[in-house]
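Visitor: structure, please.
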Amino acid sequence: MSATQVPIRPLKRGSMLKLWLGLALLIAAAGVLAWIGAGSLRGETTATGVQIRTLEKGTGDPVKATDGAVIEYEGRLADGTVFDSTAGRGPAGMIPGQVIPGFGEALQKMREGGRYTIRIPSALGYGAAGAGEGKIPPNSELIFDIQVKQVVRDAALMGPPPGTAPQGAPDGQSAPPQGQPGL
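Guide: Next comes the predicted model:
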């Protein structure tokens, strides 16, 4: 053996196994931390399948079934096609019981000042019928970006002033449902 050669000691039995186990544990811990950190990006999925992602929480109590919400929104199909928006029209008033079921369910999870993205399965949207004179094809999943500008408590209980026709109903004729996003 020459002076320039250094003998390499043999590894202790099981040390490679400990190294691989430690590395696997480190990777698993990183995965768990990433999953926890991405929680706000995933949002919440309700029992019916509506997905709600909170971008800005908002303040106050959530919207109730009898409350009105003044919102700005953009509705898209899964392929990104915009089928409705309040842009250029100004905010729209919505009451949870007067909109498609998935939209009403999501509204009741929102707070004034909050911003949300919701994904509504077809069965809780317009289903097999579609809507909007072909703008929303049958069985379409709907995606909405929503900003709640104001919550009007118990707006559904207020009704129109006596002696006036509902908005959009000339001469007291029955009005179409108010606040139907997508139409």
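
Visitor: what does the model give Ala38 for pLDDT?
Guide: You'll see Ala38 listed with a pLDDT of 67.

Visitor: nope, Ser174 is what I was after
Guide: At Ser174, pLDDT is 38.

Visitor: what does Ser2 give?
Guide: 61.

Visitor: cool, Asp171 as well?
Guide: Confidence at Asp171, expressed as pLDDT, is 39.

Visitor: same question for Gly43.
Guide: 81.

Visitor: my read: it touches Val50, true?
Guide: No - with contacts counted by C-beta atoms under 8 Å, Gly43 stays clear of Val50, the gap being 10.0 Å. For every residue, glycine as well, the C-beta is placed using N, CA and C.

Visitor: more crowded one of these two?
Guide: A direct count of neighbours by other C-beta atoms under 10 Å for Gly43 and Val50 places Val50 higher, at 23 against 17.

Visitor: pLDDT score for the more buried one?
Guide: 95.

Visitor: tell me the contacts of it?
Guide: Residues counted as contacts of Val50 (C-beta atoms under 8 Å, 6 or more residues apart in numbering) are Gly102, Glu105, Ala106, Ile118, Arg119, Ile120, Pro121, Leu124.

Visitor: who's in contact with the fifth one?
Guide: Taking C-beta under 8 Å, 6+ apart as the contact definition, Arg119 lies against Val50, Gln51, Glu141, Leu142, Ile143.

Visitor: kindly report the same for Thr66.
Guide: Counting by C-beta under 8 Å, 6+ apart, the residues that Thr66 touches are Ile95, Gly97, Asp154, Ala155, Ala156, Leu157.

Visitor: 6 Å instead, please
Guide: Asp154, Ala156, Leu157 (C-beta atoms under 6 Å, 6 or more residues apart in numbering).

Visitor: below-threshold pLDDT in the protein: ranges please.
Guide: For the chain, the stretches flagged by pLDDT under 70 are 1-4, 11, 38-42, 160-183.

Visitor: now the helices for this protein?
Guide: 15-37, 39-42, 101-107 (DSSP state H).

Visitor: need the phi and psi values for Thr66.
Guide: Main-chain torsions, Thr66, degrees, to the nearest 10: phi -100, psi 0.

Visitor: roughly how far apart are it and Ile95?
Guide: 8 Å (C-beta to C-beta, to the nearest Å).

Visitor: residues shared between the contacts of those two?
Guide: By C-beta under 6 Å, 6+ apart, the residues touching both Thr66 and Ile95 are Ala156.
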